[in-house]
Each structure stands twice: as structure tokens, then as C-alpha cells.
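Colleague: just a sequence and a predicted model for now, questions to come.
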Amino acid sequence: MPEPWSGFSYIVTNLARFIRPGEVTFSGVNSTPPMLACLLAKRVYDFDFTYINVAGGVQPTPSRIPISSSDPILAEGSTSIFANEDFYDLCTRGGMDLCFLGAAQVDGLGRTNVSAIGDWHNPKVRLPGGGGGAVMLPTARRAVTWRTEHSKRTLVEKLDFVTAAGGMHGVVTPIAVFVKREGRLALQSWHPEASLELVRVRTGFDFDAEGAQPTGPPTPGEREGLRALDSAGQFERDARVTLG
Amino acid sequence: MPEPWSGFSYIVTNLARFIRPGEVTFSGVNSTPPMLACLLAKRVYDFDFTYINVAGGVQPTPSRIPISSSDPILAEGSTSIFANEDFYDLCTRGGMDLCFLGAAQVDGLGRTNVSAIGDWHNPKVRLPGGGGGAVMLPTARRAVTWRTEHSKRTLVEKLDFVTAAGGMHGVVTPIAVFVKREGRLALQSWHPEASLELVRVRTGFDFDAEGAQPTGPPTPGEREGLRALDSAGQFERDARVTLG
Amino acid sequence: MTLAEMVALVPDGASLALGGSFLHRGPFAFVRELIRQKKRGLEIVKQSPGYDIDILCRAGCVAKARAGIVAMEGNFGLAPWYRRAVEKKQIVLEEHACMTLTAGLRASAFGVPFQPVGGVHGSDLPALNKWAAVKDPYGSGEDVWVIPAIRPDFAVIHANEVNALGDARVYGTFNWDRIMTRAAKKVFIVAEKLESIASFQARPELTLVPGFMVQAFAVVPNGAWPGSCWPLYEVDYPAVEAYMDTTGSLDEHMAKAPELGIEALHA
Amino acid sequence: MTLAEMVALVPDGASLALGGSFLHRGPFAFVRELIRQKKRGLEIVKQSPGYDIDILCRAGCVAKARAGIVAMEGNFGLAPWYRRAVEKKQIVLEEHACMTLTAGLRASAFGVPFQPVGGVHGSDLPALNKWAAVKDPYGSGEDVWVIPAIRPDFAVIHANEVNALGDARVYGTFNWDRIMTRAAKKVFIVAEKLESIASFQARPELTLVPGFMVQAFAVVPNGAWPGSCWPLYEVDYPAVEAYMDTTGSLDEHMAKAPELGIEALHA
């Protein structure tokens, strides 16, 4: 029997798998899973890519993994400080290959709501706001998001508010990986301990599942790499992810 | 009999006299007389002002006076580098109190031509171009220019091309100082060795001379200060100014 | 100048751009002094505020927030007092993307009434904020969103080092601080340390804010507490956790502030 | 990479943004290598070119100049071969103010089709260049000139120091080099010196151009000759005077270039 694959590890590993050789890849504020994914890819994959982050880091070699994904320690070892105006301008002029962006709700077009649950003017919950989203999602070559909860509350038919449009290239949840196909999110694969049915039942929008199959299990390198990054298990605990 | 006052010294001294306490004052490229005027004011006048220049200098203390008014030595001793985008933005947002700008022709409205003698498309002489002029002349709180030749070729009724409008606050020539009054250049004073008649005969545009009088002679401090800045007389020779 | 004297220059109703990001290098000692001096009706301008706007909302100092993303960050999630203030309509929120807020600051810094920004297409934010789109007059057919100028009364920056002329240096990322100092009417610097003028002359390229643009500065070691100031100190997570504990009081938190010791020295 | 290999990557007809200003820190060794390799039809983008555009015009390499002010500067006055090329219509001039050219570069750097710029009102330049004015959609009544994006194929910067990753540092003013590197499709660095990666890690705030944006770099000591490179060397005024002497030949001048020794080392 294979070792169980935690939802947290599933998210980080599958975010890392979106990273491609040679590309400029960015992780931002409030984004520990992508931060870990970028650091994991740097450790484990046998190709190089340009990792830049919201702390101004360019190819950093942080001496420890910070709790905050915007901690200045993420620029440690960097040979330049590529600060906020610089990485946003890089994105809007077409130089950002892969951008990880947060979301509270995602719809079938890959648009996001990070603004409010309920009416924006009379919110049930005021959310953080989109940060880079509205500018980066339409201008990055590819954008990828994640949700630590896979439910009809998070993957919705209709967003309460469109914070950012332009369409996610990929979405990772504890049980599924979606990619954009012909302008809509399509299921690429599901967690091997879940099922296509479970993903359908838990997803608020219709999606194409043609060719979808169980996600390939973590490689020993991916498992060990993530264990090394989260040796005390704090990130896993903080993320409060369950397979559900 | 008073010591003669060279046209070169007249220009530099009267440019310096436009500088006011506490203000942000800028000298640019291709601008040795204003560079010397700013350095003279720093040496001689009993008030402080913020001298910034095109070499990124802020209150610099250059160890020698460069031939080129954009020489990086003009940032020596500076505690910051305030580079080109910064000083232009400062000007366009209203933070530049006094800006020295070059000109080939000046008209009675204080507009300038630094582009071409003759038709722009078929120039008799292609001139350098206005540099900062078109942006700085309308946006600086005050702008001042100088001409080393006072003639109907340089102070004209009609410009061959309007490189920059907005109107000079002051114009200094080897024989006269003009200031803007009700939107037009008016004579403020003339070189004590020249005369109002000479200024009229040599100026291409009509001007008001009400209240004009001979320019106050250089103070001993101004004379000695300029002599110290140009001890070898190179700037005076290079400027090729004559009283005419 | 003492921190208290600097804060005394801020009138009720002022618009303040605050430097740093989330728990990192924010002018938090300055923010706490705003609370001690009972400022009211403030407008806070910051792409990614967190502790600063939360504690100001908790103390009732804020009338309006112009922000891109608001959270405590780290592992603390939402900013609870800010969230409540918005939900109860105690404050007005002008929701931005970080870069639309920056575009507004750029417009002020560049001396133009509006600034085009990339992206934004398809978002509900323009309708919410009544932003205008301008068709490219050069025939690309592209519609571009333009953001109106945002000109805060004050930019307040927590810097690593300042000198007697007011020049300020920051180590590590300067976040959005540079554009804030160019967009605001006045600039205040709170710094960890007073450094010599000679050290700035030796490496003028490192100066983020030239002193002639700075109205006032104060030296407040550990002034970014409970946040970090690279490379001097990290986030004080237990202190933030205690701040977040709704059974605790604001006074308890305020009583631990490092600037209290400094100000006592001045007294 | 050698300077010759770098220049070989530039096709005829390319648009080149050149760093520095007048006789200061220009990529002059690069410019001379363009001449040796007989490039033709180049577009030169620079706010204040001088020696660089003049010698390129003298050698017949230029089709178009987009510039704000062109002169040899120092005490040398106009740039004679450039002036002749414009007067004889051998090259096309797009005359700018330095800041309108920069606005065009900003538009490219920001990923927008046009950029508003302060001032310009009353000048004949907008009519000449067919620039558009846009009315402030936020009701100020102000008309603002907007400049279309300028996107050079290459930005070429003469830096003080580069490391093996291509990161580049400049001491003293960086002039307009920063925005050029953000606006161009590709970035080339010519540097005085190869420095260690560790020295860049020790002070990353000083890096003007991050290596991941740099396509190629070459190390060419004295490569800004006959101009200055602060703080290493000053303008070689006798060499510029000899260059300006119309009785001398271009070959004589080119034969004195310091990069010849360097390239010989590589051969």
C-alpha cells in the first residue's frame, strides 16, 4: 500500500509541477504553498528556473524557511533586490512566465474572488483583497492558484465579486488539479486517494474531465524535499488542509 | 574707475542672483554658466539652498570644477544620487523651484528654440535640441536661461521653432537681465558699461523697460568667488563672450 | 525630533501612506503614537497593510483605507479589527489591486492627473471605483485603464538608517516605499539608527530618500516591532499572537512597545 | 562573451538604447565595434547622445535618431557629423524632450501603449511627432500629452561591475539606464570589471540590472573611452579634440581604442 499523500503535500507538490525550465516564476504575499513549491522545485527538480519573490529576492538561498511568504529572509543570498514596482512592471510588460496568485473563490473560467463573501457593499465576510491579482492574472503568461478547501463554497458557479479575471492556467486543491483548456478549467488529475466522482460532487462549476486520471504519486525526491522544507510540520499544521 | 565687468562674469553672476534661500535649484547638461552660478552662490551668498544637478548630485562638494556640466564629479560629496527620472519627476510634480535651461533663441514671451535655425525640416543649422526644456520650462516654478550673444539672432521677434513654451522667468545676456512681467520679458537691468539704447538696438523683440537701471556691480565676494571657480580662466575663454 | 513631536504634526483627517508590507518594516512605532495621540479620521494608503491598519481600526483612528490586500499575514490570516470595521461600515474601503494603487501614486509622482496600468480587464474593481478606460490614441485598438492621481499628505517610512540631513537607507527590499515618498506631499522617516553623513557620502547610491525631500525624522530602535526589520530583527510571533488574542486588551499590547523606553529617554 | 561576439548579435536595422549621457559612461567600445562590424540602418534611442551618435553617423551606421539633446558637450559644442547627417537628411531625427523619450520608454516598461507626461504644452514638438493629448477623464479639465511606447530591441549599458550571473552595478548617477533596461527587449552589459557573486550578495541593493534580464555581457576595461567612467577615469579631452579635428581620419581615432588590446587577448 502506498504511503498516504496529505492534502498539504498534494497542493505544494502539484504547484511545483507547474514550474518549467528556464522560466521566470514568482511567489507573492500570503502565499506559503507557492513559496514552498518554488523552494521545493529548486531543491528537487533537475532543471533551473528564475525564482523571484515579493521580498525582492532573485534566485535566493534563504538560510531558513520563513512562516511569512513575504519575509525579507526570502531575499537572502540574492545578488539583486527586485522590488515591487519592478516585478509588477515585469509582469505587465509580458516578462512573467508563471505567477502564483491567491484566491478565495474560483469560477469555471478561472476568475477569482478575493474581495468579499456576499455583496461587496454589505459583506458577510470582508476578505483580504486581491493584491496583485487584477493586474497580474490578465498579464502573466500563466497564473496558478490553490485552495486548501475543495468545496462548492470555494470552487463556485458564480463569484460573489470578480476581483481578477483573465483566467487561471491552473488550480490545485487538496484533491484535484485543474488546467485551463479552451478558456475553461478542466480537470487534469485527481488525488489517487480521491476519485473523479468526489471532485464532481465537491465542485460548484461544470468541468470537462476528458483524459483526466489519478495524479502521479510524489516522487521520493518530492517527498523528501518537502519534508526537509517543513521538518517541524509547522506549515502542514498552519495550512489546516484535510482530504475531507 | 570701476574694474571692468566681463560679459562672462556678468552672465554667471546674474544667474547666481536668481537663486533664493531654501529653494531647490537645478543645473543641467550643456550648462556651464548655471553650474558655475550655483557653485558661486554656494560659496558666496549667506543663505543655504538645495543645489541638485544632472549628475545626480544633491548638495555636492566637488573637489574640482569640471569642464562638462554633467560630469559625475558634480555628485562628489553628495549623500544621495538623485538621478534623471527623479529630478524630472520632481519638476513635473511642482517641486523644482528654479531650473536653469539652455536656449539658442528666446522670444518676447520667454519661449525658446533649441531645435533648428531655419525650417525644422530643412534646417540651415541643426541645433542640439531642447533636452529638458519642453517638459521643465512649463512645470518648474521658475526657469532661467542665458545667451552668450545678445543680438537679434538670439533674442528674436519670432522663433524658427518653439522647442519649449511656458515662459522663462529670467534671461541673462552679456549686457542685460530680463525678467518676466505680466507674461512678457521686461528689462530689469543693463550692464553698467552698456546702455538701455544698446539693449534696445540689439534685441529682436519689444520689451518694457519701466524701472530698469544699470545692474548692480559685482560684490567683492562675487568677483573673488568666480575667480576662484575659474582660476585658470578656461571657462571664460571657452564661453567666448564679448560685450560686443 | 522625537516620535511624539513628529506625530503631533499630523492633523486629524490626514492621508498617510505607510511603508513596508504586512509584518515587515512597517512604521509601527509611528502608528502606535498616532493611537496615543488619539488621531481621528485618518486615511491609510498602503498596498499591503496588516498590523498597522488593524491596530488603527481597533483604536478607532481610521476613516478610510485605500489598499490592495489586507491581512496579518504570516500564519495569522485576516486582520480582525480591520475586517470588522469594514463589515460594520465604520470605515470606507477603496479596494485596489496593489498596482492600481501604485499607478495612482505614480500619477502624483510624475505630476500627471492619471496613470495607465496594465491588466485589470474583466475585474469588477473599475466599476466599483468608477475608473475610466482610455482608448489608445495611437491606433492599437487597446483600451487601457487609467487610475486617478493619489497624493497622500504624508509618506511615513521605517528605514534602517538616517543621517543628520534626513537621508534614509533601507536594506533588503524597499517594498513600495520609494514611490510613496515621491507621491506624498511630505515625507517622515523613522529609523533604527542615526548614521554618519560620511557613511552616506561613501555610498550615495544606497540612499532611498534624499534628505531634502524629508520633513522630519526620528530615531526609534526596534520601531517596526512586532514586525521585522531586516537584517536586524525578525517578526515577534508571540507578540503578534498576543495582539490577536481577543481576550487581551489593546493597552496590554501598547504597554510592551519598544518606543516607550526611547521616548522616556527624551523626556 | 567577447565584445565582438556580443555586437555580432545585433542585426542591421536594430533599435539600440545606449546608456550614459554625453561624454559620461557611454557604451563607447560597443559603439566602435558596431562600426568595425559595419552595421547599417541602426536606430539610436538616447536622451542625450553625443560622441556615440556622432561617430556612428560619421561611419554611416545610423538610419534614425530618437533623442532629446545631442551635443559633444564639455567645451566641444555641437556634434558635427550628426549635425551634417540631419541637415543632409542622411538620417531621420525624431526630436524629443528627454522626458518625452523617457515617457515612451516608461510605457514599454509598464506594459501600456502610452504614457502621460507633464509639461510640453505650447511646444511645437507634439505637432512634429503627431503626439496625442488626452483629456483627464476625472474632470480636472486638464489636457495631458501622452507619448506612444518606445521599445528598443536592445539596451546597451556601460557598467562599473558585472558578475558571472550578469548582474550589473553602476557608481555615481545611472542617468537613464534603469528605465532603458526595463523598456528594451534585450539587455547587453559592457563592464569595466568582473566582480565576485559574493560581493553582489553582500550588497544586493546596489544592483541596477538583475542578471536574469541580461542577455549577454562583456568585460571591457576603459570601454567608455574617450568619455569618463566614474570613479575610475575622466574624459580624455585631448582624444575628443583629436576626434573632432576634421583633418584627422576616423581610422586614426579608432586605432587608439582601448578595446583593441582586450579583443587581441581573446584572439
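Modeller: Nice, thanks for sending it over.
Colleague: where in the chain is pLDDT low?
Modeller: The chain I'm using is chain A. For chain A, applying pLDDT under 70 flags the ranges A:1-2, A:243-244.
Colleague: my question was about chain C
Modeller: Where chain C drops to pLDDT under 70, the residues are C:263-267.
Colleague: quickly find the element holding A:Val144.
Modeller: Applying DSSP states H and E as the criterion places A:Val144 in strand A:142-146.
Colleague: helices or strands up against that strand?
Modeller: Here strand A:142-146 touches helix A:7-16, helix A:32-44, strand A:98-100, strand A:170-172, going by 3 or more CB pairs under 8 Å, 6 or more residues apart in numbering or on different chains; DSSP states H and E. Yep, even glycine has a C-beta here, placed from its N, CA and C like the rest.
Colleague: could you rerun that using 10 Å?
Modeller: Packed against strand A:142-146, as judged by 3 or more CB pairs under 10 Å, 6 or more residues apart in numbering or on different chains; DSSP states H and E, are the following elements: helix A:7-16, strand A:24-27, helix A:32-44, strand A:98-100, helix A:133-139, strand A:170-172, strand A:176-181.
Colleague: and of the ones you listed, who's closest to chain C?
Modeller: Taking CB to the nearest CB, helix A:133-139 is the member of the helices and strands packed on strand A:142-146 nearest to chain C, at 3.8 Å.
Colleague: how about the residues of the stretch 101-250 of chain C that lie near chain A?
Modeller: Contacts of the stretch 101-250 of chain C with chain A, taken as CB under 10 Å from any CB of the partner chain, map to C:102-103, C:105-106, C:116-128, C:145, C:170-179, C:227-231, C:234-235, C:237.
Colleague: dump the residue contacts of residue 34.
Modeller: The chain I'm using is chain A. Applying CB atoms under 10 Å, 6 or more residues apart in numbering or on different chains to A:Pro34 gives the contacts A:11-12, A:15-16, A:18-19, A:25-28, A:53, A:69, A:98-102, A:144-146, A:172.
Colleague: my question was about chain C, not that one.
Modeller: So C:Leu34 contacts C:7, C:10, C:14, C:16, C:27, C:40, C:42, C:44, C:52, C:55-56, C:59, C:61-62, C:156 (CB under 10 Å, 6+ apart).
Colleague: give me that answer again for 7 Å
Modeller: C:Val7, C:Val10, C:Leu56, C:Cys61 (CB atoms under 7 Å, 6 or more residues apart in numbering or on different chains).
Colleague: all strands for chain C, in order.
Modeller: Using DSSP state E, the strands of chain C run over residues C:15-18, C:42-46, C:62-67, C:92-95, C:114-117, C:132-135, C:143-148, C:154-162, C:168-169, C:186-194, C:207-209, C:216-219.
Colleague: between those, which one is closest to chain B.
Modeller: Judged by CB to the nearest CB, the one of those that comes nearest to chain B is strand C:207-209, at 3.5 Å.
Colleague: other SSEs contacting the closest one?
Modeller: In terms of contact count using 3 or more CB pairs under 7 Å, 6 or more residues apart in numbering or on different chains; DSSP states H and E, strand C:207-209 is assigned the packing partners strand C:168-169, helix C:177-183.
Colleague: neighbouring strands for that strand, and are they parallel or not?
Modeller: Sheet pairing of strand C:207-209 (DSSP bridges) gives strand C:168-169 (antiparallel).
Colleague: count the neighbours of C:Gly74 for me.
Modeller: Using other CB atoms under 10 Å in any protein chain shown as the criterion, C:Gly74 is surrounded by 26 other residues.
Colleague: same thing with A:Gly118?
Modeller: A:Gly118: 13 surrounding residues under other CB under 10 Å.
Colleague: tell me which parts of chain A are close to chain C?
Modeller: Residues of chain A that fall close to chain C, judged by CB under 7 Å from any CB of the partner chain: A:29-30, A:55-56, A:67-68, A:70-72, A:75, A:81, A:83-85, A:88, A:92, A:111, A:115, A:120, A:123, A:126, A:128-136, A:138-139, A:161-166, A:238.
Colleague: so of those residues, which ones are in strands?
Modeller: Secondary-structure check on the residues of chain A next to chain C using DSSP E: residues within strands are A:Pro123, A:Arg126.
Colleague: contacts only, for the closest residue to A:Gln105 other than its chain neighbours.
Modeller: Counting by CB to CB, 6 or more residues apart in numbering or on different chains, A:Gln105 lies nearest to A:Asn113, which is 4.0 Å off, once chain neighbours are set aside. When the contact criterion is CB under 7 Å, 6+ apart, the partners of A:Asn113 are A:Ala104, A:Gln105, A:Leu159, A:Asp160, A:Phe161, A:Val162, A:Thr163.
Colleague: C:Leu3 contacts C:Phe217, correct?
Modeller: No - between C:Leu3 and C:Phe217 there is no contact, the gap being 10.0 Å when judged by CB atoms under 7 Å.
Colleague: number of residues surrounding the closest residue to C:Arg32 other than its chain neighbours?
Modeller: Counting by CB to CB, 6+ apart, C:Ala257 is the residue found nearest to C:Arg32 once chain neighbours are left out, at 5.3 Å. The local packing of C:Ala257 (other CB under 10 Å) involves 22 other residues.
Colleague: quick one, what contacts C:Ala257?
Modeller: Residues counted as contacts of C:Ala257 (CB under 7 Å, 6+ apart) are C:Ala29, C:Arg32, C:Trp225.
Colleague: mind giving me the PyMOL command for buried ones among those?
Modeller: Once 16 or more other CB atoms under 10 Å in any protein chain shown is used to decide burial, the buried members of these can be selected in PyMOL as follows:
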select buried, chain C and resi 29+32+225
